[in-house]
Each structure stands twice: as C-alpha cells, then as structure tokens.
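>>> Provided below for reference: sequence and predicted model.
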Amino acid sequence: MKKVFLIHGFMGRPNGGWRPWLMAELNKDKIYACALPMPNPENPQRDEWVKAISDAVGDFPEEVFLVGHSLGVPAILRYLETFSENKKIGGAILVSGPSSILNPENKESKLRKIDNFLDSPFDYISIKQKSKNFCVIHGESDDKVPLEHPKIISENLDCQKIILPNMGHLDDNECFELSELLISLMGMISPSPSEERAG
C-alpha cells in the first residue's frame, strides 16, 4: 500500500497551509496520506524528529513517499542518512528547505533552535542511494531560505528543481494549494510506463 507522510516545519502544524489540500487530493486516488505531528515544533530536536519519521515509515519504506516543508526537509535528509544501504523509500519531495545553517551571524535569532539539524554537512552520497526519486520545490521570492539552498540540495541529489515564480516560503500563511507538488508526487507514485523503463 502506497503511503505519503507529510513533515511540517519549525513552529509549524500538521494541518497548516497546503497539507490538508494535498491529503484531500491524494485521498481522491485512494492513496493514504498523513501529516505527522512532529515533536516539540517550537524547540525541535533532530533525533526526536528522525525517530518520528522512522516510526511512521516502519518496515516497508519502498511503499512510502515523504514530503517535507522547511525544517521538514533536513529532517527527511537526516532520516535517510540513518538507513541501511539496502533500503530505499519510494520518493521524497523537498519544499523550501535549508541546506545549511541560516543567518549564523545572528546569535539571538530564533533560528538557532534549528541549528542542530544543520550543524554538520549532509552525507548526500549516502542519502542519494536511499530514495528512488527526489524533487526540490522552492519559491523564487523566499525570504527565509535563499535560492542557493535548493540549488545545493538539487545538485547534490542530482534531481529536478522547480522554482515557482513570485512565490515565497510556501508556508502556512501564504500557500494553500501547490499543484506542482501534487504533479511531481503523482509522477513518483504512479509513473508512466516510459518513466518506469527509464528508471
């Protein structure tokens, strides 16, 4: 059974923004979708978030697709680092995520609370082997996570990068539908015969 798990960001909530819309759209195709309530979103800890994702995915990762927003992106990448070499999830869509510490010079920023997800380089070589598909989506006018971040992630994972013109952080206050995400996700879940042969 194909399953989609959605991981919100720092100070986010499971049913914010475009997540209810995406789950409703997936439900129309009889695809199980769940927005995970990540632990302590106001003071997130990397190990706790990785465990929450691991508990949800369970023992059949090849049937699972992960969609992360903002801090949900490094959470997914850290989770994939923990996999044994012979496991792969079905796919991951990484929305508005940082690739490294944001605004490190500002010691008083509330963003210091997420540094524990980003304070060491990602093992992209290993991560790349843990998912059958990746896609990066980012708003062109994101004022929270600069465009260099999706560039770094997509180049290291050798995956598609979708930059949405005139869009910001795609967060709970501004974005309630994300058709590009749904199209990309459905392409992973139900690839065309030509895509399956190419893969």
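All right, it came through fine. The structure displayed is predicted, hence computed values, not measured ones.
>>> can we go C-alpha only for contacts and neighbour counts from here?
OK.
>>> sec struct for Arg112, please.
helix (DSSP: H, G, I helix; E, B strand; the rest coil).
>>> how about the one 3 residues further on?
With three-state DSSP as the basis, Asp115 sits in helix.
>>> got a list of what Trp18 touches?
Asp172, Cys175, Phe176, Glu177, Leu178 (C-alpha atoms under 8 Å, 6 or more residues apart in numbering).
>>> now do 7 Å
Cys175, Phe176, Glu177, Leu178 (C-alpha atoms under 7 Å, 6 or more residues apart in numbering).
>>> how about these in JSON lines, adding secondary structure, pLDDT and distance to Phe83?
What follows is the contacts of Trp18, written out as JSON lines (DSSP: H, G, I helix; E, B strand; the rest coil; pLDDT from 0 to 100; distance: C-alpha to C-alpha, whole Å):
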{"residue": "Cys175", "secondary structure": "coil", "pLDDT": "93", "distance to Phe83": "32"}
{"residue": "Phe176", "secondary structure": "coil", "pLDDT": "95", "distance to Phe83": "32"}
{"residue": "Glu177", "secondary structure": "coil", "pLDDT": "95", "distance to Phe83": "31"}
{"residue": "Leu178", "secondary structure": "coil", "pLDDT": "96", "distance to Phe83": "29"}
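>>> in ChimeraX, select just the buried ones from those.
Remark: buried members of the contacts of Trp18, expressed as a ChimeraX selection using 16 or more other C-alpha atoms under 10 Å:
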select :176,178
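>>> just the contacts of Trp18 now: which is nearest Asp142?
Cys175 (12.1 Å; C-alpha to C-alpha).
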